[in-house]
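1. for reference, the sequence and a predicted model appear below.
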Amino acid sequence: MINFQYARAADVADAVRQIAADTGAKFVAGGTNLIDLMKEDVERPTRLIDISRLPLTKVEETAEGGLRIGALVPNSDLAYHSLIEQRYPLLASAILAGASQQLRNMASTGGNLLQRTRCHYFYDTATPCNKRAPGSGCAAIAGHNRMHAILGTSEACIAAHPSDMCVALAALAAKVHVTGPAGERIIAFADFHRLPGDAPQRDTNLGRDEIVTAIVLPPRGFAANYTYLKIRDRLSYAFALVSVAAALEFDGATIKEARLALGGVAHKPWRDLGVEASLRGQAANEATFRRTADLLLRDARGAGAARRHPRPEPGGARHAAIAIR
Ligand SMILES: Cc1cc2nc3c(=O)[nH]c(=O)nc-3n(C[C@H](O)[C@H](O)[C@H](O)COP(=O)(O)OP(=O)(O)OC[C@H]3O[C@@H](n4cnc5c(N)ncnc54)[C@H](O)[C@@H]3O)c2cc1C
Ligand code: SF4
């Protein structure tokens with residue numbers, strides 16, 4: 001048993017004060033990822049700061065015509081919120097493609113952004129992993145890596161970001177509002193998550209002593225032409241092998257504006273602005289989309305999956321599916 005302290009935050013300022021005062025502390029919201037990681041001995045916080053009762057549970061219209069989503073809005077409430085269903089159905093589809101109903105009821109919007117990779121070796125403390133133990137190596141590069149990243153990888157880490165919701169938020173160009181000891185700041189979604197580089201232990205550019213308070217969606221929701229396609233080993237309760245958030249606006253028969261983001265293929269939701277720009281003025285047909293897919297994956301590189309299987313991850317379900325293959 002590894003002891004830790006537990007404290008409830010009274011408000012956002014108190015949450016920031018508490019996390020700034022203890023370098024080993026962590027926020028807990030729905031707990032659906034952090035508690036698993038603690039049970040597996042991957043995370044060892046000295047103190048859990050419970051933020052689940054902070055009043056960050058509203059979905060509100062912004063003066064600019066967008067929506068402000070509180071960091072503690074549960075994933076299921078967000079997916080079924082009428083304004084999200086009507087104006088941002090791409091986001092609703094992506095959320096509903098993730099996890100299970102029970103998990104979505106517990107999982108928070110902020111926690112979804114901060115969930116950690118599902119690389120099996122990250123969860124297995126008997127194996128080297130630069131993300132869990134910097135400098136120890138990466139067991140996945142020569143190991144079982146069929147669910148790992150193929151874009152933006154480094155020699156230190158080839159882990160993929162597991163979130164579905166974040167793929168839609170990337171395509172929609174959301175903004176992340178955070179508060180820390182120096183006050184509030186806004187991070188563009190594209191700058192929130194990081195590529196692994198030589199510091200894979202850092203998933204995001206959020207400061208250790210900052211809290212996510214809200215996600216803000218711009219007015220443009222691409223509600224007329226959108227899709228979230230998730231390819232996975234089973235139809236539910238499985239992480240993406242690859243997912244695509246795609247949205248189009250038309251000028252007559254040609255594409256006026258395109259948004260494309262990929263999940264499951266990189267350390268962060270993968271958006272390529274050059275490829276999106278190349279779609280402007282093109283006809284929406286199979287030839288255009290094939291060319292676009294080739295362009296999006298021009299730098300893709302797999303590590304070459306080994307045949308051996310690592311220890312099952314907590315929950316075991318995805319591992320079972322891999323083993324059956
Ligand atoms: C079996 C299983 C299957 C799943 N399948 C999918 C899937 O298919 N697709 C998918 O997208 N997700 C999936 N998930 C992941 C799930 O969506 C996340 O666990 C969940 O979104 C995390 O939210 P939470 O509130 O429970 O976070 P917590 O576990 O409470 O916290 C996660 C991390 O975020 C930090 N944190 C939380 N809130 C804040 C905040 N406001 N500010 C700063 N830091 C914060 C915590 O300190 C912690 O480090 C699955 C999870 C499980 C267990
Ligand atoms: S891919 Fe990243 S998370 Fe997985 S073992 Fe390698 S360093 Fe660790």
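-> Looks like it arrived, so ask away. Ligands and ions are numbered 1, 2, ... in the order given.
2. isn't residue 31 right up against residue 103?
-> No. If you go by Cβ atoms under 8 Å, residue 31 and residue 103 don't touch, sitting 10.7 Å apart. The C-beta positions use only the backbone N, C-alpha and C, and glycine is treated the same way.
3. and for these two, which residues touch both?
-> Shared contacts of residue 31 and residue 103, defined by Cβ atoms under 8 Å, 6 or more residues apart in numbering, are absent.
4. any idea what residue 263 is bridged to?
-> On the basis of DSSP bridges, residue 263 is bridged to residue 243.
5. correction: the previous question concerned residue 108.
-> Beta-bridge partners, per DSSP bridges, of residue 108: residue 74.
6. what about it, neighbour count?
-> When neighbours are counted by other Cβ atoms under 10 Å, residue 108 registers 27.
7. tell me the contacts of it?
-> Residue 108 neighbours (Cβ under 8 Å, 6+ apart): 29-30, 52, 71-75.
8. three-state assignment of the residue of the stretch 101-250 of the chain at minimum distance from ligand 1?
-> Closest to ligand 1 within the stretch 101-250 of the chain is residue 111: 2.3 Å, counting by Cβ to the nearest ligand atom. For residue 111, the assignment made with DSSP: H, G, I helix; E, B strand; the rest coil gives helix.
9. repeat for residue 209
-> Under three-state DSSP, residue 209 falls in the coil class.
10. for it, which non-adjacent residue is spatially closest?
-> residue 20 (4.2 Å; Cβ to Cβ, 6 or more residues apart in numbering).
11. first-to-last residue distance for stretch 264-276?
-> Counting by Cα to Cα, to the nearest Å, the length from the leading to the trailing residue of stretch 264-276 is 19 Å.
12. so how far is that stretch off the chain centroid?
-> 12 Å (Cα atoms, centre = their mean, to the nearest Å).
13. next one: stretch 61-71
-> Distance, stretch centre to chain centre, for stretch 61-71: 20 Å (Cα atoms, centre = their mean).
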